[in-house]
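> Build the 3D model from these lines:
(chains A and B)
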Amino acid sequence: MLWRIEIKHKEGVFDALGEDVERSIIDLGISSIYSVAVENIFMVEGSLSKKQIQTIADELLVDPITQTSAIYSHKNPYIPKETKAYHEIEIAYNTGVMDPVEHSTLKGIKDLGFDGVAAVRTARKYLINGKASQKDLALITDKVLANKLIQHVVDHKVKQDTLNIKTAKDKFKLIVVDLIDASDAKLKKISEEGQLFLNLNEMKTIRDHFRKVGRNPIDCELETIAQTWSEHCYHKTFRGNIDYKYEEKGRIKVKNISNLLKSTIAKATFELNKPWCVSVFHDNAGVVKFDSKDHICFKVETHNHPSALEPFGGANTGIGGVLRDILGTGLGAKPVCNTDVFCFAPPETSFDELPAGTLHPKRVMKGVVAGVRDYGNKMGIPTVNGAIIFDKRYIGNPLVYCGSIGIMPKDKVYKKAKVGDLVVVAGGRTGRDGIHGATFSSGELTTESEVVSSGAVQIGDPIQEKKVLDALIKARDLNLYTAVTDCGAGGLSSAVGEMGEELGVSVNLEKVPLKYDGLKYMEIWISESQERMVFSVSPENIDKMLDVFASENVEATVIGEFTGRKRLEIFYDDHQVCDLDMQFLYEGNPKITKKAVWKQKQHKDLTKKGAANLTQKLLDVLGHYNVCSKEWVIRQYDHEVQGSSIVKPLVGVNADGPSDASVIAPKLGSKKGIAVSNGINARFGMIDPFWMAMSCVDEAVRQIVSVGGNLERIAILDNFCWGNPDKPDRLGSMVRAAEGCYKAAIGYGTPFISGKDSLYNEYAEGKKSIAIPGTLLISAMGIVDNVGKCVTMDFKKAGNLIYVIGNTYDELGGSIYLDTYGLLGNTVPQANPKKAMKTFAALSKAIKGGFVSASHDCSEGGIAVALSEMAFAGGLGANVALNKVVYKGKDKRNDKILFAESNSRFIVEVEPKRQKKFEQTLKGVSLGLIGQVQSDPIVTMYGLDKTICVNANIEELKEAWQRPLRW
Amino acid sequence: MPKKPKVIVLRTAGTNCDEETVFAFQQCGADVDSVHIKQLCAKEISLHDYHILAIPGGFTYGDDIESGRILANELRVHLGGEIRKFIDDGKLIIGICNGFQVLVKAGILPGNGSSLAQSVSLTFNNSNKFEARWSYLKPGGQCVWTEGIDHVVYFPVAHAEGKFVTPDDKILRKLIDRNQIVFSYCEPDGADPDYPDNPNGSYENIAGITDPTGRILGLMPHPERHFLFNQHPSWTRLKKTAKFGDGARIFQNGVDYVKRKFK
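Numbering: from 1, shown residues only, chains lettered A, B, ... in the order given. Sure, this is the predicted structure:
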């Protein structure tokens, strides 16, 4: 029997969600709606009496203080009302999409003592008061209420009397692909139709291999090879050959690069050879030393494509994925903080400008933030740091970088499965999630349209992952397993394959616990269902291992063993569905060669003498989306859970100023800390990706220096998000950025410990292709020896001295200032690591000595923005003279001093009594004493002609900075 | 009486402030066990071996259906009698954030006689957003846990469902009259707040309440996150006078009470 329980607010109770939906409808330009109410619907199927269902409603589903319920069934069906001025829209998850509430509701019902419930699904009903046409309602549904990839509008005309969860177990049918006799044309077709994304050369290599073996491949084998050799798993572009043509000093030069990763990023790390690097590049995350007992590890992933289609689910599973990377580093680390960086198109983009098939950037941003919030907060990992940048070209490909840092005991860094160890899969069950389009459009699935969801659009289950985390740490500390890895892209195929690469492994797919019956063997093997980890466990520990997972209510199942035969052997019941040579699988792919071209372009620059009203210009720059306050986002993230936060993302007298790096002390009671920062500036890259890379490293490092991190102990990560690397100009700019990464890492003494790339970020609309600007994210993690010595960016006291440290150059290129004119310019900020390191070392020493009251790095918006932020964060004014700023270069102008984004600069506040010691410490470094902090809440800047050029109240400055994203 | 007061920190799927809560009690001299509810339900561990029950923050069972609901249901159904006895034995309970939501939804707070029936609620913030920010709190009422706190304190909140509501004014009145309102959101000087100083729209700015005995405390803000000086959001502007922050007193009060009463 299928019961329908509707839960609504009692009269007079404030409906916060309804209000929110109403605001979003007004945002669409529909003004005739005057109120929206929301009801939650539970569909409960099982043998329950009316009385029992009433008990479930009253004791479990309804809050007796704020809500009431109504119960329906087929005897008493629900009939929606509809008038011209009243509309109901009910949204439910598509069958096969995880319903986030289903599991725990079933548990709650069981706790009440009712065992007869087979299934629960939920829906939401929106009661819309006000006149609306069918067109309006369709728009509201599409733009505000539902994402059709995972949800649908419930049609009450169709009678529903079952949730239809049960399907039959799949009838086994072995699928063999006719490959060995295939022509080249046929090979191409097989790759395309199977969405294998393998090129002809790769397909030929596979064909030749199977000719040697003397048989055709089974679909499962071909799919496994495609997954293993994919750009996503193998990073073909970075590891392949590149013919690089570039222009230097007016001459065309050619370079043949074999393995870009090894010749730039990894090369720097090996040349630096830092003794505190413990495990770099070969595990899920890079590991460095922390204190005498523990190590820490860091990984940043991207989840761009899924977030474009379903922002909430995409970002949600992006966080889930990177957290599993941390759980699967070494023998498992415990996540201690997250960092997230996003790139979106501007939120004020009009609906008319949207390319077909894209979601509005405001919706994307709200969804992404909600997805991060949901997963991070529920897992209890503080999200302490991040950035958001905006550019029109992210319209079809928003970027979502999800990063996490973990901590692990020193003796848990290395893992090694042994022959005879059992393969255990633990965590969530396996469903059809994450199986690429080919499979479910093939028409062979019996319940395809109902059970299947597109793989790219999953919703995570953070509580499932939290349980896995709790169980994993327990089992790790009891030494119950020999190796662990996460199920990410490629699912079991990549996790089990990777673990068994050296030994060989045998798996029985029918043993994998499934969400529902009806999955084919290949679907089980490549499903990317979330929240699963794979372990290798020696037979004598298996019972204890399963007990530990059971004690946290996590399902763990033995599905195979490590054989020592160096083959990947997969079975379904008694049928063998895969028998591959590990060596061919992991080393058999042909190296590819791509072409790359780099040529500097000239961009429009400012022709006139700069802004006449610099106060107004400062307000414009503060209100630029890339500069403005991200408080709306930050306050939705729990950045204090675990009790570790020391320098929070927002600091100052009212906790609303933007801090540089964030600092946490992950071990309660210990003073040892971790500083986290990031450097990102796609606008610099539009001029020259080399200097973008240098600037990103400089920015990430100087932020850590600014809060008091140890300059000698900074590790960095690279993250390349680029367009299609098969187009030579895209790849050329990427090569140029990678070369910048190498130079920067060597220059700043910061080894790369891990990295990631996400290529093919282009959006095709007809013949036009919108490529994202090549976007490099540098994430940095530094050690803080004593968090009690950390410095924040807010001005502390009137009368204190204000210094600018570092040189300002004629470098308005790529600045936010030029962007307010719609210009890019050419004079991109350069960096001189040698000089920078001298500056950083001196400032670090001054901070350690306690001579610095506040420090803020100058980045987007330059000195003018940094100074304003320090003033309003401290609730104090400032009085400064621009002629005291050390400026190197021609054409010295007020606007250049204020807004150039030259690297390696800081503004610091020093108490008069510490002036002498401070200046002694900074000896030999460019230093300008530009003025004083004042109690009068005004920021006054005197220009080069000694007249006032900027004069504004700090409240006015703060308002300009806070207004744009105060949603 | 064992040497140290014994604290049980209850956890289940989705609990995530357990470690900092354990740390806070340990620092105050308690002997603390972190225990999964499964172990209590299976009677592997007895609640009665402890003096203090702490239900920490988190998102138990994902806050599915509504915050704290499923754990509250589990406690009520499987451990109702045990908890009743625990309270009647004169022992202490604290619920922080999600723990407060659980205590309210299980009918343990505000405590109305012997039955466990919900009489007030914590629901969605007026902003319809998760709010992570620091709140000034005015102490009041009569509660073992807040003894000696006579000035405005500063704790962070981090929740989406923290708006304290009552079905009618009568119940609200009763809470006030019985000195059960222990913390109210306020401005730094103690004045009545607007949003965001009242981060959720709670009736009467209520942030934390106690039961009529004053031995059970539930509060949305997190005292365990302002346990140490360096956890204060603007500690770099303050002169360090003590190792501990405003929140330490609460845990110390609980531990000291047990030491006095259970000699």
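> For the closest residue to chain B within the stretch 101-250 of chain A, give me the backbone phi and psi.
Distance from chain B to each residue of the stretch 101-250 of chain A (CB to the nearest CB) is smallest for A:Ser104, at 3.9 Å. (Each C-beta comes from the backbone N, C-alpha and C, glycine too.) For A:Ser104, the backbone dihedrals (degrees, to the nearest 10) come out as phi -70, psi -30.
> So what pairs up with the residue sitting nearest the centre point of chain A in the strands?
When CA atoms, centre = their mean is applied to chain A, the residue found nearest the centroid is A:Cys402 (2.3 Å). Taking DSSP bridges, one obtains A:Glu301, A:Asp340 as the residues bridged to A:Cys402.
> what do you get for B:Val165?
With DSSP bridges applied, B:Val165 shows beta-bridge pairing to B:Ser121.
> Quick one: residues contacting whichever residue of the stretch 701-850 of chain A sits closest to chain B.
Nearest residue of the stretch 701-850 of chain A to chain B: A:Thr792, at 4.4 Å (CB to the nearest CB). With contact taken as CB atoms under 8 Å, 6 or more residues apart in numbering or on different chains, A:Thr792 is in contact with A:647, A:651-652, A:657, A:659, A:707, A:854, B:234, B:236-237.
> tell me the pLDDT at the residue nearest to the centre of chain A?
If you check A:Cys402, the pLDDT there is 96.
> A:Ala854 now?
At A:Ala854, the pLDDT value in this model is 98.
> residues in contact with it?
Residues in contact with A:Ala854 (CB under 8 Å, 6+ apart) are A:791-796, A:870, A:874, A:908-909.
> Let's verify the residue of the stretch 701-850 of chain A closest to chain B: helix, strand, or coil?
Classification of A:Thr792 by DSSP: H, G, I helix; E, B strand; the rest coil places it in coil.
> So, low pLDDT: which residues of chain A?
A:164-168, A:434-457 (pLDDT under 70).
> Check the offset of the longest helix anywhere in it from the chain's centre.
When chain A is parsed with DSSP state H, its longest helix is helix A:728-748. Computed by CA atoms, centre = their mean, to the nearest Å, the separation of helix A:728-748 from the middle of its chain amounts to 22 Å.
> now for it, which elements pack on it?
Packing partners of helix A:728-748 (3 or more CB pairs under 8 Å, 6 or more residues apart in numbering or on different chains; DSSP states H and E): strand A:241-248, helix A:260-263, helix A:265-272, strand A:593-598, helix A:689-707, strand A:714-721, strand A:775-784, helix A:833-848.
> Redo the ones you listed as a markdown table? Include distance to chain B and mean neighbour count.
What follows is those, written out as a markdown table (distance: least, CB to the nearest CB, whole Å; neighbours: other CB atoms under 10 Å in any protein chain shown):
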| stretch | distance to chain B | mean neighbour count |
| --- | --- | --- |
| strand A:241-248 | 45 | 17 |
| helix A:260-263 | 36 | 19 |
| helix A:265-272 | 32 | 18 |
| strand A:593-598 | 44 | 19 |
| helix A:689-707 | 10 | 29 |
| strand A:714-721 | 21 | 27 |
| strand A:775-784 | 11 | 27 |
| helix A:833-848 | 11 | 20 |
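> Could you report the distance from B:Phe183 to chain A?
Separation of B:Phe183 from chain A (CB to the nearest CB, to the nearest Å): 18 Å.
> secondary structure element for the residue nearest to that residue when sequence neighbours are not counted?
Counting by CB to CB, 6 or more residues apart in numbering or on different chains, B:Phe183 lies nearest to B:Gly208, which is 3.7 Å off, once chain neighbours are set aside. In the assignment (DSSP states H and E), B:Gly208 maps to strand B:206-210.
> That strand pairs with which strands?
Its sheet considered, strand B:206-210 pairs with strand B:181-186 (antiparallel), strand B:216-219 (antiparallel) by DSSP bridges.
> Pull the contacting residues for the closest residue to chain B within the stretch 551-700 of chain A.
Of all residues in the stretch 551-700 of chain A, A:Gly643 sits closest to chain B, at 3.7 Å by CB to the nearest CB. Contact analysis of A:Gly643 by CB under 8 Å, 6+ apart lists A:668, B:17, B:19-20, B:23, B:224-225, B:227-228, B:231.
> What is the burial count for the closest residue to A:Arg565 other than its chain neighbours?
Counting by CB to CB, 6+ apart, A:Arg565 lies nearest to A:Gly504, which is 4.2 Å off, once chain neighbours are set aside. Residues near A:Gly504, counting by other CB atoms under 10 Å in any protein chain shown, number 19.
> Can I get the strand holding B:Gly208 as PDB, trimmed to CA atoms?
What follows is strand B:206-210, C-alpha atoms only, in PDB (Å, rounded to 0.1, in the frame of the first residue of the first chain):
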ATOM      1  CA  ILE B 206      16.300  32.600  23.100                       C
ATOM      2  CA  ALA B 207      19.600  30.800  22.500                       C
ATOM      3  CA  GLY B 208      19.700  28.300  25.300                       C
ATOM      4  CA  ILE B 209      17.300  26.900  27.900                       C
ATOM      5  CA  THR B 210      17.400  24.700  31.000                       C
END
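> any idea how far B:Glu147 is from B:Leu228?
To B:Glu147, B:Leu228 is 21 Å away according to CB to CB, to the nearest Å.
> Among the two, which residue is more densely surrounded?
Set B:Leu228 next to B:Glu147 and count neighbours by other CB under 10 Å: B:Leu228 wins out with 24 against 17.
> where's the more buried one relative to chain A, distance?
Per CB to the nearest CB, B:Leu228 is found 8 Å from chain A.
> Which strand residues bridge that residue?
Going by DSSP bridges, B:Leu228 forms beta bridges with B:Phe244.
> For chain B, what's the nearest residue on chain A?
Nearest residue of chain A to chain B (CB to the nearest CB) works out as A:Gly380 at 2.4 Å.
> you'd agree that residue is up against A:Val641?
Yes: counting by CB atoms under 8 Å, A:Gly380 touches A:Val641, with 4.9 Å between them.
> Around chain B, pick out the residues from the stretch 401-550 of chain A.
Within the stretch 401-550 of chain A, the positions adjacent to chain B are A:461-463, A:466-467 by CB under 8 Å from any CB of the partner chain.
> Most neighbours among those residues, which one?
Counting neighbours by other CB under 10 Å, A:Pro462 comes out on top of those with 28 neighbours.
> Next, give phi and psi for that residue.
When quoted as degrees, to the nearest 10, the phi and psi of A:Pro462 stand at phi -60, psi -30.
> just the strands in the stretch 401-550 of chain A please.
Under the criterion DSSP state E, counting those that start in this stretch, the stretch 401-550 of chain A carries strands at the ranges A:422-427, A:483-486, A:505-508, A:532-537.
> Just give the nearest non-adjacent residue to the residue of chain B found nearest chain A, would you?
Per CB to the nearest CB, B:Asn16 is where chain B lies closest to chain A, at 2.4 Å. Counting by CB to CB, 6+ apart, B:Asn16 lies nearest to A:Gly380, which is 2.4 Å off, once chain neighbours are set aside.
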